[in-house]
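*Asks:* A structural model of the following input is requested.
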Amino acid sequence: MLNISHNPLNAKIDLESYKSGIKVFHRRHFKQFNRFLLVFAITAVIVLFLPWTQNVTGRGNVTTLTPSQRPQTIQSPIPGRIEEWYVREGQAVNVGDTILRISEIKGEYFDPRLVERTGLQIDAKNLSVRSYNQKVGALNNQIDALQVERGLKLEQAENKLIQSKLKVQSDSIKLEAEKINLGIAKRQFAAIEDLYEEGINSLTDYEKRKSKYQEAEAKVIAQQNDYIASQNQVLNARIEINRIKQEYTEKISKAQSDKSTAEASQYDAEAQVTKLESDFTNYEMRNDMYYIKAPQNGFINKAIKGGIGETFKEGEQLVGIMPSDYDLAVETFVDPLDLPLMHLDEEVRIQFDGWPAIVFSGWPNVSYGTYGAKVFAIENFISENGKFRILLAPDEDDHSWPDAIRVGSGARTIALLEDVPIWFELWRQLNGFPPNYYQPEGGKSSDGKKK
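*Replies:* Predicted coordinates:
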């Protein structure tokens, strides 16, 4: 009943005279309820001051610490056709075990004796190289012989030039001597001529002196001819030297040209031998690639290319393999806002999918079914999902992870941060503030440096 008017009803009517009024106004159950509220309030206040561990949660999956231990696919470096399988899905294989055999689909490799015939080509080219090498040696000997012969010829021509120069010198001396004799004969003839004209000497003496004078003149002229001839011999000797030099230069140049041609042919043959040897090695290695082998110990997951006779391109995935030896890890993702809170060797709790657990994220000590881990690596670039990837390794000081966990299983991670009162955590959550930024003592930051 609403007490709207200024005339209260309970002042005029006694409600306790009724049975319902007696039941209502004479009950004392509010006393226990008030006690309950008081105890609940005191408990709530006490709880607000209990410690709460701030945390960063995330979703991830089980992986391995090193990339070589993760599931992988086996590809063929060459195109081919599947001929025979040697394994089954789920079968364990060791490193080097043959998984399947393929055959060639390129026409230039169809010859079954391709390697053998390439070896024969290499032998033939080696003989050609040896032949060119011998030809170069013969031309070297020929060049040496021509050089020796040129030296001897030049020495002979130079000796002849020396002889010609000496003969020129001798003829020059003889010419001077004949000129002196001519002068003497001239003076004697002039004296006899004067005596003859005076009548002192006879005509016979005059004619003898005139004859001797004329002989002296003839000897001078003859000696001049000899002198000029000897000079011509000197010129001829010099010309002969130049001719010998030119002749043997041409011969040696021709031999050197033949040698250069032989060397070029030799180098070309050697290059062809090198190319054939490279092809020979490639063909041998290609023959080994016809058998796809296991790169490491593991289990065959799935045959991506199945059947017999199916063709594929180079680099195409053929079969998946899971290594048998691996170190488990968990990759999880955190928001960019929480990335500065993560540090190397930070403690993290993990709840694996399929393993029952009771998790109290703020009280990790009372959680049940979670496993310990530590931050092993922090990615420096954001992932496609807009978060940063963090790799977690098992905590050696905690109990071991379950043996039945497989790579690829899901996991929920809880990174433990700073301890704060519950009231502070509630206040932070209500205001949307991030957890406290802090640096653990003796720990490492995301860049690996100790703080």
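*Asks:* tell me who's in contact with the residue positioned nearest the centre of the chain.
*Replies:* The geometric centre of the chain, computed from its C-alpha atoms, lies nearest to Pro77 (C-alpha atoms, centre = their mean), at 18.9 Å. With contacts taken as C-beta atoms under 8 Å, 6 or more residues apart in numbering, Pro77 has the following neighbours: Met289, Glu314, Gly315. Any C-beta I mention is one placed from the backbone N, CA and C, and that applies to glycine too.
*Asks:* at 7 Å what do you get?
*Replies:* Counting by C-beta atoms under 7 Å, 6 or more residues apart in numbering, Pro77 touches Met289, Glu314.
*Asks:* now it, what's its secondary structure?
*Replies:* Assigned with DSSP: H, G, I helix; E, B strand; the rest coil, Pro77 falls in the coil class.
*Asks:* state the pLDDT value of it.
*Replies:* Taken from the predicted model, the pLDDT recorded for Pro77 is 88.
*Asks:* got phi/psi on it?
*Replies:* With angles defined as degrees, to the nearest 10, Pro77 shows backbone torsions of phi -70, psi -10.
*Asks:* how much space between it and Ser253?
*Replies:* Per C-beta to C-beta, to the nearest Å, Pro77 is found 53 Å from Ser253.
*Asks:* tell me, how many neighbours does Lys174 end up with?
*Replies:* For Lys174, the count of nearby residues is 18 (other C-beta atoms under 10 Å).
*Asks:* now swap in Asp345 and tell me
*Replies:* The criterion is other C-beta under 10 Å. On that basis, Asp345 has 13 neighbouring residues.
*Asks:* likewise for Ile78?
*Replies:* One way to gauge burial is a neighbour count; for Ile78, by other C-beta under 10 Å, it gives 17.
*Asks:* thought it was touching Glu314?
*Replies:* Yes: using C-beta atoms under 7 Å, Ile78 and Glu314 qualify as a contacting pair, with a distance of 5.3 Å.
*Asks:* do you know how far Phe49 is from Lys302?
*Replies:* Here Phe49 is placed at a distance of 56 Å from Lys302 (C-beta to C-beta).
*Asks:* and those two? which has more neighbours close in?
*Replies:* Set side by side, Phe49 and Lys302 give different neighbour counts by other C-beta under 10 Å, the larger being at Lys302 (14 against 10).
*Asks:* buried ones in the host helix or strand of the more buried one?
*Replies:* When secondary structure is defined by DSSP states H and E, Lys302 falls within strand 298-303. Residues Gly298, Phe299, Ile300, Ala303 are the ones in strand 298-303 that count as buried (16 or more other C-beta atoms under 10 Å).
*Asks:* got the residue ranges for the helices in the stretch 151-300 of the chain?
*Replies:* If DSSP state H, counting those that start in this stretch is used as the criterion, the helices of the stretch 151-300 of the chain fall at 203-288.
*Asks:* OK, contacts around the closest residue to Leu114 other than its chain neighbours?
*Replies:* With sequence-adjacent residues excluded and distances taken as C-beta to C-beta, 6 or more residues apart in numbering, Leu114 is closest to Tyr283, at 5.5 Å. For Tyr283, the contacting residues are Leu114, Val115, Thr118, taking C-beta under 7 Å, 6+ apart as the criterion.
*Asks:* and the angle for the host helix or strand of Glu83 with strand 298-303?
*Replies:* Secondary structure assigned from DSSP H and E places Glu83 in strand 80-85. Orientation note: strand 80-85 sits at an angle of 120 degrees relative to strand 298-303 (axes from the mean of the first three to the mean of the last three C-alpha atoms, to 10 degrees).
*Asks:* output strand 80-85 as CSV - backbone C-alpha positions only.
*Replies:* Extracted as CSV, the C-alpha positions of strand 80-85 are listed here (Å, rounded to 0.1, in the frame of the first residue of the first chain):
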residue,chain,number,x,y,z
GLY,A,80,59.4,-37.2,-63.5
ARG,A,81,56.8,-40.0,-63.4
ILE,A,82,56.1,-42.2,-60.3
GLU,A,83,57.1,-45.8,-61.0
GLU,A,84,57.1,-47.6,-57.7
TRP,A,85,56.3,-46.9,-54.0
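*Asks:* elements contacting it?
*Replies:* Using 3 or more C-beta pairs under 7 Å, 6 or more residues apart in numbering; DSSP states H and E as the contact criterion, the elements in contact with strand 80-85 are strand 98-103.
*Asks:* what are the pairing partners of the strand it packs on, and which direction each?
*Replies:* On the basis of DSSP bridges, the sheet neighbours of strand 98-103 come out as strand 80-85 (antiparallel), strand 291-293 (antiparallel).
*Asks:* export the ones you listed as CSV, with columns for mean neighbour count, mean pLDDT and distance to Lys259.
*Replies:* Formatted as CSV, the strands paired with strand 98-103 follow (neighbours: other C-beta atoms under 10 Å; pLDDT from 0 to 100; distance: least, C-beta to C-beta, whole Å):
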stretch, mean neighbour count, mean pLDDT, distance to Lys259
strand 80-85, 16, 91, 49
strand 291-293, 17, 91, 50
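*Asks:* want to throw these into JSON lines with distance to Arg101?
*Replies:* Output for those, formatted as JSON lines (distance: least, C-beta to C-beta, whole Å):
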{"stretch": "strand 80-85", "distance to Arg101": "5"}
{"stretch": "strand 291-293", "distance to Arg101": "6"}
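*Asks:* for Ala222, which of those is the nearest?
*Replies:* Distances from Ala222 to each of the strands paired with strand 98-103 were compared using C-beta to C-beta; the shortest belongs to strand 80-85, at 102.6 Å.
*Asks:* centre of the chain to the closest one, how far?
*Replies:* Averaging C-alpha positions (C-alpha atoms, centre = their mean, to the nearest Å) puts strand 80-85 33 Å from its chain's average.
*Asks:* how about stretch 205-216?
*Replies:* The chain centroid and the centroid of stretch 205-216 are separated by 106 Å under C-alpha atoms, centre = their mean.
*Asks:* cool, and stretch 325-342?
*Replies:* Between the mean C-alpha location of stretch 325-342 and the chain-wide mean there is a distance of 32 Å, by C-alpha atoms, centre = their mean.
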